[in-house]
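Colleague: Structure of the sequence below:
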Amino acid sequence: MTGQLSMGFVLGRAPVIPVLAIEEPDHAVPLAEALVAGGLPVLEVTLRTPVALEAVEAIARQVPDALLGVGTFTQADQARSAADAGARFLVSPGFTDRLAVAADAADLPLLPGVATPSELMSAAEAEITHLKFFPAEVNGGIAAVKALGGPFPAARFCPTGGISPRNYLDYLQLPNVLCVGGTWLAPPDAVAAGDWARISALAAGASGRRVPGESRHSEPGAASADWYSVAGEEDPGSADEDLR
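Modeller: As a prediction, this is how the structure comes out:
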């Protein structure tokens, strides 16, 4: 174990965290490599498929530049399994004290999902201020996240759920949003076809990085220079924190 990262550091690495449901173990490494090459090093592999932990192990072993998390963390015993597989952080769709204790015992920072002020207050009582607003669009979207900034000025969010190329830049304009989570970076048809170049181009569109031979605007909703990195904003000096 190399020590627990701060969640502020994790959320400040890139504007979008790809949310991945990996169906085939052989897809894990090339998919991660494509996303990292496109400028999105923070990856969330969800525990929604039988091969999820196998995929995490492969990525952790073979893609050292990936900052890898495990999502759909809903049971306390999953924390240790995720840590053993090589995860560096955990993402849950909701918050419970038991999950927070399990994450801490596994020495992994937790990004819990919240949708209401009461849930946010429960997380704050556990000294968790970096949160996933989920599911974002059905719970009020941009207006809701903006409104939460008033009573909870210390909270920082990664909205997920309904985020797409059409709205993610609007979320990123909010001062209490550090990044967003999205599934559009790994379209199932591109993954099935092994079209890693397309996935790198999608990642580059979101990150602002140019991929050789690809236009950053080759996909609808590609980002422009309007986005700027917030790495280190929450934790002074964290931009230099060792990923490994």
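
Colleague: residue ranges with poor pLDDT in the chain?
Modeller: Along the chain, the model assigns pLDDT under 70 to residues 1-3, 210-244.

Colleague: ranges for the strands of it?
Modeller: Ranges of strands in the chain, per DSSP state E, are 16-20, 42-46, 67-71, 89-92, 110-114, 130-133, 156-157, 180-182.

Colleague: Let's have the ones you listed in JSON lines, adding mean neighbour count.
Modeller: Every residue, glycine included, has its C-beta placed from N, CA and C. Shown next, in JSON lines, are the strands of the chain (neighbours: other CB atoms under 10 Å):
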{"stretch": "strand 16-20", "mean neighbour count": "27"}
{"stretch": "strand 42-46", "mean neighbour count": "26"}
{"stretch": "strand 67-71", "mean neighbour count": "26"}
{"stretch": "strand 89-92", "mean neighbour count": "27"}
{"stretch": "strand 110-114", "mean neighbour count": "26"}
{"stretch": "strand 130-133", "mean neighbour count": "27"}
{"stretch": "strand 156-157", "mean neighbour count": "25"}
{"stretch": "strand 180-182", "mean neighbour count": "26"}
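
Colleague: Output the ones you listed as CSV; include the columns distance to A203.
Modeller: Shown next, in CSV, are the strands of the chain (distance: least, CB to CB, whole Å):
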stretch, distance to A203
strand 16-20, 7
strand 42-46, 10
strand 67-71, 14
strand 89-92, 19
strand 110-114, 20
strand 130-133, 20
strand 156-157, 21
strand 180-182, 11
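
Colleague: among these, which is nearest A103?
Modeller: The closest of the strands of the chain to A103 is strand 110-114. By CB to CB, the value is 3.9 Å.

Colleague: And that closest one, how far out from the chain middle?
Modeller: Relative to its chain's centre, strand 110-114 lies at 11 Å (CA atoms, centre = their mean, to the nearest Å).

Colleague: What pairs with that strand, parallel or antiparallel?
Modeller: Counting by DSSP bridges, the strands paired with strand 110-114 are strand 89-92 (parallel), strand 130-133 (parallel).

Colleague: outside of that strand, which residues touch it?
Modeller: Identification of contacts with strand 110-114 by CB atoms under 8 Å, 6 or more residues apart in numbering yields 7, 10-11, 69, 73, 89-95, 99-100, 103-104, 120, 123, 128, 130-134, 158, 160.

Colleague: That strand to strand 67-71, inter-axis angle?
Modeller: Per axes from the mean of the first three to the mean of the last three CA atoms, to 10 degrees, the angle that strand 110-114 makes with strand 67-71 is 40 degrees.

Colleague: quick revisit: tabulate the strands paired with strand 110-114 in TSV, adding columns for distance to A21.
Modeller: Output for those, formatted as TSV (distance: least, CB to CB, whole Å):
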stretch	distance to A21
strand 89-92	13
strand 130-133	16
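
Colleague: Out of these, which is closest to S164?
Modeller: Closest approach to S164 among the strands paired with strand 110-114 is made by strand 130-133 (15.3 Å; CB to CB).

Colleague: Extract the CA atoms of the closest one and return them as CSV.
Modeller: This file holds the C-alpha atoms of strand 130-133, laid out as CSV (Å, rounded to 0.1, in the frame of the first residue of the first chain):
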residue,chain,number,x,y,z
HIS,A,130,-15.9,15.4,-1.8
LEU,A,131,-19.1,13.9,-3.1
LYS,A,132,-20.7,12.3,-6.1
PHE,A,133,-24.0,14.0,-6.9
